[in-house]
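Coordinates for the following, if possible.
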Amino acid sequence: MAMVGQYQGPDGTAALAVVSPVWNIIYSLGLLIGIGGSVLFSTLRGKSEQNQKKSNEYFSAALIGVAILAVLTWLAVVFFDRELLVLFGAEETLLPLARRYVFPVKFVVPSFLFTQLMAAFLRNDGNPGLATKAVLFGGIFNVFGDYFFRFRRTFLFVFL
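Numbers count the residues shown, from 1 in each chain. The predicted structure follows:
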């Protein structure tokens, strides 16, 4: 929001405030399945080495669950974006800008859910160094990506 506020001003910040519940719900669904499944996964793995097959079944069930939620959420965002944004407070003057900000989200909805699922399982898979690297890389990419794609829009338009 800080980058958009600098670039777009108060209207951009207001539009993101309307869009943010959409991706917060998407992230939350990924966290719901990811944390729930990964806790069951790691609990079984911690009890005994013989539970590896059963723990893998929890991962598979979580993966299937997140895939179902991803499809349902994707359909909701693609076909009901206007209604969702109005529900979260977009007025007619702000709606076009909010729809512009939600447009790229439509292309990556499943990745939001799968990222949260995989992050939860990664944290519980016994490799804290890899989990730390993944979180740091994601955060660094986010900060520089915000600057690059918001202030250097010509790069973005080359690919669109």
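
Flag the shaky bits of the chain, pLDDT-wise.
The model of the chain has pLDDT under 70 over residues 1-9, 146-147, 149-160.

dump the residue contacts of the residue nearest the centre of it.
Closest residue to the average C-alpha location of the chain: residue 112 at 2.9 Å, with C-alpha atoms, centre = their mean. With contact set as C-beta atoms under 8 Å, 6 or more residues apart in numbering, residue 112 has these partners: 23, 26-27, 30, 105. From N, CA and C alone the C-beta is placed, and that goes for glycine too.

In JSON lines: these, plus secondary structure.
Below are the contacts of residue 112 laid out as JSON lines (DSSP: H, G, I helix; E, B strand; the rest coil):
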{"residue": "23", "secondary structure": "helix"}
{"residue": "26", "secondary structure": "helix"}
{"residue": "27", "secondary structure": "helix"}
{"residue": "30", "secondary structure": "helix"}
{"residue": "105", "secondary structure": "helix"}
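
Same list, these, but as TSV with neighbour count and distance to residue 53 please.
Formatted as TSV, the contacts of residue 112 follow (neighbours: other C-beta atoms under 10 Å; distance: C-beta to C-beta, whole Å):
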residue	neighbour count	distance to residue 53
23	17	35
26	24	31
27	15	30
30	25	25
105	17	37
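
Just flag the most distant two among these.
Based on C-beta to C-beta, the longest span within the contacts of residue 112 runs between 30 and 105 and measures 13.6 Å.

now residue 54, nearest residue through space, not along the chain?
In space, and not counting its chain neighbours, residue 54 is closest to residue 44: 5.4 Å by C-beta to C-beta, 6 or more residues apart in numbering.

what's the burial count for the one you found?
As a burial measure, the neighbour count of residue 44 was computed by other C-beta atoms under 10 Å and equals 18.

Check which helix or strand it maps to.
Counting by DSSP states H and E, the element that carries residue 44 is helix 10-47.

now the angle from the helix or strand following that helix to helix 10-47?
Scanning forward in sequence from helix 10-47, with DSSP H and E defining helices and strands, the next element found is helix 52-79. Regarding helix 52-79 and helix 10-47, their directions subtend 160 degrees when assessed with axes from the mean of the first three to the mean of the last three C-alpha atoms, to 10 degrees.

No further questions, thank you.
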